[in-house]
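*Asks:* Quick one, structure for this:
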Amino acid sequence: MGPYHICKAHQDLRGAGGEALLLSFYTIPTVHGLLVMFLPCQPGLLSSILCSLNNSLQHCSIVKLFFAAFEFLTFMQGCIGWGYYIITVLLTGVTFLLIECGNFVKLHKLGIADLIEYRKVQVFEKLLNACTRGQIFLTAALIMPACQMTLSFVAIKVLHSGHNWMAVALLWVYLMALRFTLLTFSAAAKLYGLSQKWIKECKGADRKKFARKFQKSLRPLRLEFGNNFVEVLTPLVVQEFCLVQTNFIRVFKEVDMLTCKCMSTAQWWNHPKSRATANFNRKWIPISNLFGLILHIVPLISTLPVLLDPKNPAFFPNIFPPDTFIHFVVYVMYIPSFVYAVYQWTYIEKTILLVSSAIMILLVPLVREELNVGVANNFGRKFQTTGLRHNPENVVFVYRSLQLFEKLISIAIGPFIPICQAIFSQIFIYTGYILIVDRENLDASFSLVLLTCIPSMMICWVTFLAFAAKVHKGSQICIRSWTFGATGWSQKDTKYMGKFGKSCKPLSFGYPGIMMITHKTVVNFVQGNVRGLFRTVLELRKGRFPLH
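*Replies:* As a prediction, the model looks like this:
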């Protein structure tokens, strides 16, 4: 492990695109300095504080040159320091370790290298992990994927808005972040896979007792960050996470834009063709207006206690001594973060409630009545409409559209469904315990608030789960009904719909791979909360009031 191998690692790194990364550390500060020099009033720049109506310093060349030089040097210092740690220390170290492991495996297969040489490679692995595990690699593994997601989303939005040159600049920075992530994680994954494969091959090759014990003590080389390490599938998992989260952000914004557009126009199908669409046309707009009104008031009410009662022990800044400088600083930082969290959570709740109302009003009737050919078409309508199931083409088109809608909703609100379920369960158990055990020490007004708000929240959530489960069950029955056909379908149409039903999956809402809402989900949620409440009460009362 000499200078030749380190130079070889540098050459391999540059061949893999490291020169572009190194070039970026000089070009980005230069472009930043030129931007400050020629466009000092851009938001986010330090020189933008000079750009006011009554300030003429923005036209002074010396002042602009000073700010440009200051921001250029600051940016350059940060880029060079960051580049040293991630290029010279991290990337070069991983590449060097991969080269050493590859050379050892080749020499061992030729019978030149002994098993003890593997310990030398492990020593360098320990040294590299000691340098990068706690801060360098951990920080890079958290920041770079986040930069990828943010830059890709912003670049797409900027490109759609017509700013092509800015989109090109953002795309360049995105490609650099992507290249670094791929280089680092791919090299570490290849290192782990190569060493793991070699250990499996060499086990059992030597029948000596010392060799067998030595082989059992071997473990694969792995690059660690925090309490985790990189394995073979980690690069794919990281990139899949970045793509999924980027699409999630885009879909979430599209859902928000669609909701705002619908709320502003408040016009739907002028000539509904089914009972479900007619009901949706009449009822969804008033419901969405009511949700919007309520959820615009809730954040304001939730943030008032932080301003009116700042010394309440429920707030985080009060863990510090009151009337101190650190308490004041933490409180000033806590207020905007708390307000942002409340409004963000309200925004998520609004999306979930609007989706829930759409499921109850549109999807359940569509699946259980309109698309189910086994149900008699007797809706008792006061005005005549054309049923969707009169033609198989309508059924195919509508069900595929519902599948796309289900995928869209699962991406948009799916990650929040398990979180909301866990939060509601904890709130129910905690509130129930307080009302049962400590009801004598509670104020009447506080007890009334708990008895009103918490059951209402639980009823709303159970209703959402129940209707989502109805959609799942109804879609199963609906798919089975297509096999037997409907009145007016030809034999050819019935045969086609039977094959189409085999290609369809039931509609299911939730978080793919983690949780799917069915009738069993609703029953388990209710039973788990009731059992958890009674077990908590019995166990804690036993500890509080011991039986003699």
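*Asks:* could you say what helices and strands the helix or strand harbouring residue 103 packs with?
*Replies:* Here residue 103, judged by DSSP states H and E, is contained in helix 92-109. For helix 92-109, the packing partners by 3 or more C-beta pairs under 8 Å, 6 or more residues apart in numbering; DSSP states H and E come out as helix 3-13, helix 117-132, helix 164-202. Just so you know, the C-beta spots here come from the backbone N, C-alpha and C atoms, and that holds for glycine as well.
*Asks:* residues of it that come out buried?
*Replies:* For helix 92-109, a neighbour-count test (16 or more other C-beta atoms under 10 Å) marks 92-101, 103-105, 108 as buried.
*Asks:* ok so, going back, with mean pLDDT, distance to residue 140 and mean neighbour count added, can I get the helices and strands packed on helix 92-109 in JSON lines?
*Replies:* As requested, those are exported to JSON lines (pLDDT from 0 to 100; distance: least, C-beta to C-beta, whole Å; neighbours: other C-beta atoms under 10 Å):
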{"stretch": "helix 3-13", "mean pLDDT": "47", "distance to residue 140": "15", "mean neighbour count": "14"}
{"stretch": "helix 117-132", "mean pLDDT": "86", "distance to residue 140": "8", "mean neighbour count": "16"}
{"stretch": "helix 164-202", "mean pLDDT": "85", "distance to residue 140": "7", "mean neighbour count": "18"}
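*Asks:* Mind putting the ones you listed into CSV with distance to residue 344?
*Replies:* What follows is the helices and strands packed on helix 92-109, written out as CSV (distance: least, C-beta to C-beta, whole Å):
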stretch, distance to residue 344
helix 3-13, 40
helix 117-132, 33
helix 164-202, 24
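*Asks:* Nearest to residue 219, out of those?
*Replies:* Nearest of the helices and strands packed on helix 92-109 to residue 219, taken as C-beta to C-beta: helix 164-202 at 7.5 Å.
*Asks:* Report all helices and strands that the closest one contacts.
*Replies:* On a contact count with 3+ C-beta pairs under 8 Å, 6+ apart, helix 164-202 meets helix 19-38, helix 92-109, helix 136-160, helix 234-265.
*Asks:* Determine which of these shows the lowest mean per-residue pLDDT.
*Replies:* With a mean of 69, helix 234-265 has the lowest mean pLDDT of the helices and strands packed on helix 164-202.
*Asks:* Let me know the next secondary structure element after that one.
*Replies:* Downstream of helix 234-265, the next assigned helix or strand under DSSP H and E is helix 275-308.
*Asks:* distance between that following helix and the chain's centre?
*Replies:* 25 Å (C-alpha atoms, centre = their mean, to the nearest Å).
*Asks:* I'd like to know which elements that helix is packed against.
*Replies:* Partner elements for helix 275-308 (3+ C-beta pairs under 8 Å, 6+ apart): helix 234-265, helix 325-358, helix 364-365.
*Asks:* Comparing those, which comes out most buried?
*Replies:* helix 364-365 (a mean of 19; mean count of other C-beta atoms under 10 Å).
*Asks:* Quick one: closest of the helices and strands packed on helix 275-308 to residue 193.
*Replies:* Comparing those under C-beta to C-beta, the one sitting nearest is helix 234-265, at 10.5 Å.
*Asks:* For stretch 435-444, list the C-alpha coordinates in CSV.
*Replies:* Coordinates of each C-alpha in stretch 435-444 appear next as CSV, following Å, rounded to 0.1, in the frame of the first residue of the first chain:
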residue,chain,number,x,y,z
LEU,A,435,-60.0,10.4,31.8
ILE,A,436,-60.2,7.1,33.6
VAL,A,437,-57.5,7.4,36.2
ASP,A,438,-57.1,11.2,36.8
ARG,A,439,-60.6,12.4,36.1
GLU,A,440,-60.9,13.8,39.7
ASN,A,441,-57.9,16.2,39.1
LEU,A,442,-59.1,17.5,35.7
ASP,A,443,-61.0,20.7,35.1
ALA,A,444,-64.5,20.4,33.7
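*Asks:* coming back round to it: which one among the buried residues of helix 92-109 gets closest to residue 520?
*Replies:* Nearest to residue 520 among those is residue 94, at 46.4 Å by C-beta to C-beta.
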